[in-house]
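> The following block contains a protein sequence and its predicted model.
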Amino acid sequence: MLIRSTFTILSGAALAAGFLAAGPAAAQSGLGDPPVDPVEYQVPEPEYAGSVFFTTPDGRHCAIYWNNGPAGCDAVPIDAPAGTDQLRVGMLEAAHFVDADRPIFTHPAAKVLPEGHRITRENTTCGIGYQGTVSCEAGEHGFTLSATYSVLR
C-alpha cells in the first residue's frame with residue numbers, strides 16, 4: 001500500500017512538473033512537446049508579418065495572428081450553426097463561429113502542423129491532437145475542432 005501511495009504522489013508531481021515546464025499555454029491545450037519553431041510557419045507577405053499559418057493533416061486551414069490577434073480556422077464541424085464557415089478565438093473574445101465574407105486563416109504557403117505538435121505565438125497556442133483535432137488556446141478562451149464536433153470555451 002505504501003508503494004502504491006508513493007507511486008501515486010510521485011506520478012502526480014511529475015505530471016505537474018511537466019505542465020509547469022511546458023508553460024501555461026501548453027498546459028491548457030493538453031498538448032505537450034514537441035513544439036515547432038513558429039518562424040517556419042510564417043509567410044513572406046509583409047501584411048502577415050509575425051503571424052503563423054498552418055494546415056491540419058486532413059487539410060483544414062488555421063492561423064494565429066500576430067500581436068495577440070485572433071486565432072482560428074477556416075473550417076467548422078458538421079454540427080456548427082448553419083451558414084458559418086470559421087471558428088475563431090482571441091485573448092478578449094471567447095471561441096465562436098463566424099459567417100465570414102472571405103477566408104482569413106488560409107494561406108497557400110501554409111505548412112502542415114503534424115499530429116501531436118503545437119505552435120505558440122505570443123499568448124496563443126494551437127496544436128494538432130489525435131486524429132487531426134485542432135485545439136487553440138488564447139488566454140482563458142479556446143476551442144477544439146474536429147470534423148464531427150467542436151468544444152468552445
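Right, received. Where do you want to start?

> How confident was the prediction at the residue nearest the centre of the chain?
Residue closest to the mean C-alpha point of the chain, counted by C-alpha atoms, centre = their mean, is residue 126 at 1.8 Å. Predicted confidence (pLDDT) for residue 126: 97.

> How about the one 4 residues further on?
What the model reports as pLDDT for residue 130 is 86.

> Determine the number of other residues adjacent to it.
Residue 130: 8 surrounding residues under other C-beta atoms under 10 Å. In short, each C-beta sits where N, CA and C put it, glycine included.

> same check, this time on residue 36
17.

> ok, it to residue 111 distance?
Going from residue 36 to residue 111 by C-beta to C-beta, to the nearest Å gives 9 Å.

> circling back: look up the closest residue to the residue nearest to the centre of the chain, ignoring the ones flanking it.
In this structure, residue 126 finds its nearest non-sequential neighbour in residue 136, 4.2 Å apart by C-beta to C-beta, 6 or more residues apart in numbering.

> who does that neighbour bridge with?
Listed beta-bridge partners, residue 136: residue 126, residue 143 (assigned using DSSP bridges).

> wait, doesn't the residue nearest to the centre of the chain sit right on residue 61?
No. Counting by C-beta atoms under 8 Å, residue 126 stays clear of residue 61, with 11.9 Å between them.

> what is in contact with the two at once?
Counting by C-beta atoms under 8 Å, 6 or more residues apart in numbering, the residues touching both residue 126 and residue 61 are residue 54.

> Report the residue spans of this structure with pLDDT below the cut-off.
Confidence mapping of the chain against pLDDT under 70 gives the ranges 1-33.

> Do a quick rundown of the helices in this structure.
Ranges of helices in the chain, per DSSP state H, are 2-22, 24-29.

> Quick one: end-to-end length of stretch 143-153, please.
End-to-end distance for stretch 143-153, by C-alpha to C-alpha, to the nearest Å: 6 Å.

> mind listing what's buried in that stretch?
143-146, 150 (16 or more other C-beta atoms under 10 Å).

> Fine, thanks again, bye for now.
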